[in-house]
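K.L.:
show me the folded form of this:
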Amino acid sequence: MTVMHQMQRRFFFQATPRRAALETLLLSLIVWSIALVSKSALNSNISQLIVILSASSISVCFCVLRLRLPRGKWWEQCLSGGTFVGILSCILGVIDVECALVLVSRNIPVFAWTPPYKLLVYPVLGIIANGTLFFTLRGGIRIWMLWNRLRRTQLLWSLTHAHVMVVALGAGVMILLIEGVFIVNTLSFPRSSNLSLLLPVTVVLVVLSVIALVAVVPPSVLFSYIVMRRTTSRIKSLAAATGMLRSGDYRVRVPIVGEDEVAQLQADFNAMAATLEQTMQQLREERDTVAGLLQARRQLIVGVSHELRTPVATLRSYLETTLMHWNMNPAATLHHDLHIMEKEVIHLQGLIEDLFTLSRAEVGKLTLRCEPTSIGPFVQSTVDARAPLAWQSSKVEVVAHVPPVLPDALVDAGRLQQVLQNLLHNAVRHTPPGGIVAVGVTTDASVLVIEVKDTGEGIAEDDIPHVWERFYQANGTHRSGGAGLGLALVKELVEAMNGTITVASTLGEGSCFTIRLPGAGEIMATRPHEREQEQAVSERVQNDALKQTAPG
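P.N.:
The predicted structure follows:
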């Protein structure tokens, strides 16, 4: 903000009524003092009359600009303004009459034949004239402020204001040219012109200019409305869309109309809104992912602490008993106790290995060596290795149904064996003695399907969506003795090999876990560029090795 602008803000419409009245009276005295000092130069009646009329007008105009605008209802403003201007006009009228009598020295006939008691007519006329001028100017200021607010807030009124200013400037220039020609003509030909006609001519020109403005404003408004209606409607729709975007509605878009600057702005707005919507969607997804990870981490800590408590407590108990009797003769149950401790250590080791594998899979650092593998013999050998132990420990028969010819699958043999062992272990554990666990392999449109079925207790329908969660136990129990990590690990490993796994179960009848693995031929056909890159890398490594081993 410039210094001039600050001075204007402090000067206009800032004075209280008392201060404005004092400053107005002081200005009136200054104007009359200058007029009385220059009395000798004012030798004509016209010049003296101009001074008498303009002295009070200058003071009233100054008061209008200095007096602050009142607030409240319109009738309260009129009442306070009328009281103020009435009192001020009385004082100015007395000053004007006294100073006018001194100025004219009773040489003007109008004062010469007027009796003293009739001189009261002049203050009354002064009050009427000053009051009319005061309220006219204040009303004009109110209208100008309203007009200024409209042109600042609406483009239609801004264009109308520009038209009105063109007409006003043209009228002002015309008035100045006519007066300049009149003055030059008066000075050049004093006998043919009269300088006393300058004031009436100026008044007539001003009145004509006002009439021209009044005649120009309605057509200008109509013209602006017709021309700017389409543009303003587009800008209003864009402003409304901007408000909706600021309030959080990132799906808002505006129709692009035309090819001008507003259309470019609409296109940019739509692009910005689309980018913001996509960014906010990504942020929400990231937030949900982080929240899920935090929740999973909390559940993991709770599950790990719960699962580690039992084997650690068992180990501590047996170790304390063994150390207590260490210096004595070996207890008869020492071998049995050591065997139990070994089982608990193996259980802890398996739990830690599963947790480590799940953690690496979660962060994408699980190492897999996927190679074309013949699934039929692989599944058969895994079942043959598991079947005797299942029958010996649980009296459950484990069988395999493998076709003689099957396509290869691109899998990590070690990880796939871990998946099958976990599924078989889980099936045997939940199958009562005398039951059967069957493993079947089929093909479905270049996809290898491995099914592990059992005749066990089955899974409740409400528990099926949660069997893949870590440390989840059906009905919240641990009757089976598992840690709840096997199926979670199976799902991570199968998905890491680009496969899928599903489960179907009926309570009391058994469950069926289905693994779908893409064939090796399909995977290799869909990744020719990766094979070429791997081959190029391999050749580059071999060449580098040959260069390093070559004699210098």
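
K.L.:
C-alpha only now, for contacts and for neighbours.
P.N.:
Fine.

K.L.:
care to break this structure down by domain?
P.N.:
When the chain is parsed with automatic domain parsing, its domains come out as 1-153, 158-249, 276-366, 368-518.

K.L.:
alpha carbons only: can I get stretch 167-175 in PDB?
P.N.:
The C-alpha coordinates for stretch 167-175 follow below in PDB (Å, rounded to 0.1, in the frame of the first residue of the first chain):
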ATOM      1  CA  VAL A 167     -18.800   8.800 -21.700                       C
ATOM      2  CA  ALA A 168     -17.800  10.800 -18.500                       C
ATOM      3  CA  LEU A 169     -14.300  11.400 -19.700                       C
ATOM      4  CA  GLY A 170     -15.600  12.400 -23.100                       C
ATOM      5  CA  ALA A 171     -18.100  14.800 -21.500                       C
ATOM      6  CA  GLY A 172     -15.300  16.300 -19.300                       C
ATOM      7  CA  VAL A 173     -13.000  16.800 -22.300                       C
ATOM      8  CA  MET A 174     -15.800  18.400 -24.200                       C
ATOM      9  CA  ILE A 175     -16.600  20.800 -21.400                       C
END
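
K.L.:
so what touches that stretch?
P.N.:
Stretch 167-175 is touched from outside by 202, 205-206, 209, 212-213, 216, with contacts defined as Cα atoms under 8 Å, 6 or more residues apart in numbering.

K.L.:
only the buried subset of those, as a PyMOL command please.
P.N.:
To isolate the buried members of these in PyMOL, using 16 or more other Cα atoms under 10 Å:
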select buried, resi 205+209+213
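
K.L.:
pick the most buried one from the domains of the chain.
P.N.:
domain 368-518 (a mean of 18; mean count of other Cα atoms under 10 Å).

K.L.:
where is the longest helix in this protein?
P.N.:
With secondary structure taken from DSSP state H, the chain has its longest helix at helix 261-324.

K.L.:
and that one, how far out from the chain's middle?
P.N.:
25 Å (Cα atoms, centre = their mean, to the nearest Å).

K.L.:
how close does residue 179 sit to residue 205?
P.N.:
10 Å (Cα to Cα, to the nearest Å).

K.L.:
scratch that, residue 397 is what I was asking about
P.N.:
From residue 397 to residue 205 the distance is 118 Å (Cα to Cα).

K.L.:
try residue 26
P.N.:
Taken as Cα to Cα, the span from residue 26 to residue 205 is 32 Å.

K.L.:
and residue 229, by the same measure?
P.N.:
Distance from residue 229 to residue 205, by Cα to Cα: 35 Å.

K.L.:
of all the domains of the chain, which lies closest to residue 258?
P.N.:
With Cα to Cα, the closest approach to residue 258 among the domains of the chain belongs to domain 158-249: 9.9 Å.

K.L.:
so for the closest one, what's the average pLDDT?
P.N.:
Regarding domain 158-249, the rounded mean pLDDT is 75.

K.L.:
ok, stretch 409-421 next?
P.N.:
Averaging pLDDT along stretch 409-421 yields 83.

K.L.:
do stretch 374-382 as well
P.N.:
Here the average pLDDT along stretch 374-382 is 86.

K.L.:
and for it, what's in contact with it?
P.N.:
400, 402-409, 417, 420-421, 441.

K.L.:
all strands of the protein, in order?
P.N.:
371-374, 397-401, 408-411, 436-443, 447-454, 500-506, 510-518 (DSSP state E).

K.L.:
mind listing the strands the longest one pairs with, and their directions?
P.N.:
According to DSSP bridges, the neighbouring strands of strand 510-518, each with its direction, are strand 447-454 (antiparallel), strand 500-506 (antiparallel).

K.L.:
so what's residue 451 up against?
P.N.:
Residue 451 neighbours (Cα under 8 Å, 6+ apart): 438-441, 512-515.

K.L.:
for the nearest residue to it once chain neighbours are set aside, name its beta-bridge partners.
P.N.:
Leaving aside its sequence neighbours, residue 451 sits nearest to residue 514 (Cα to Cα, 6 or more residues apart in numbering; 4.5 Å). Beta bridges link residue 514 to residue 451, residue 502 when assigned by DSSP bridges.

K.L.:
again with the one 5 residues further on
P.N.:
Under the criterion DSSP bridges, residue 519 forms beta bridges with residue 409.

K.L.:
ok, now how distant is it from residue 497?
P.N.:
Taking Cα to Cα, one finds residue 519 at 11 Å from residue 497.

K.L.:
got any residues that touch both of those two?
P.N.:
residue 410.

K.L.:
least trustworthy helix or strand in the chain by mean pLDDT?
P.N.:
helix 109-112 (a mean of 43; mean pLDDT, DSSP states H and E).

K.L.:
picking up where we left off before, can you tell which of the strands paired with strand 510-518 is closest to residue 323?
P.N.:
strand 447-454 (44.6 Å).

K.L.:
and the angle for the closest one with strand 436-443?
P.N.:
Orientation of strand 447-454 against strand 436-443 (axes from the mean of the first three to the mean of the last three Cα atoms, to 10 degrees) gives an angle of 170 degrees.

K.L.:
from residue 83, how far off is the residue nearest to residue 451?
P.N.:
97 Å.

K.L.:
ok, now residue 131?
P.N.:
For residue 131, the distance to residue 83 - Cα to Cα - is 10 Å.

K.L.:
so, low pLDDT: which residues of the stretch 251-400 of the chain?
P.N.:
The stretch 251-400 of the chain contains residues with pLDDT under 70 at 296, 299-308, 310, 325-333, 347, 350-351, 354-367.
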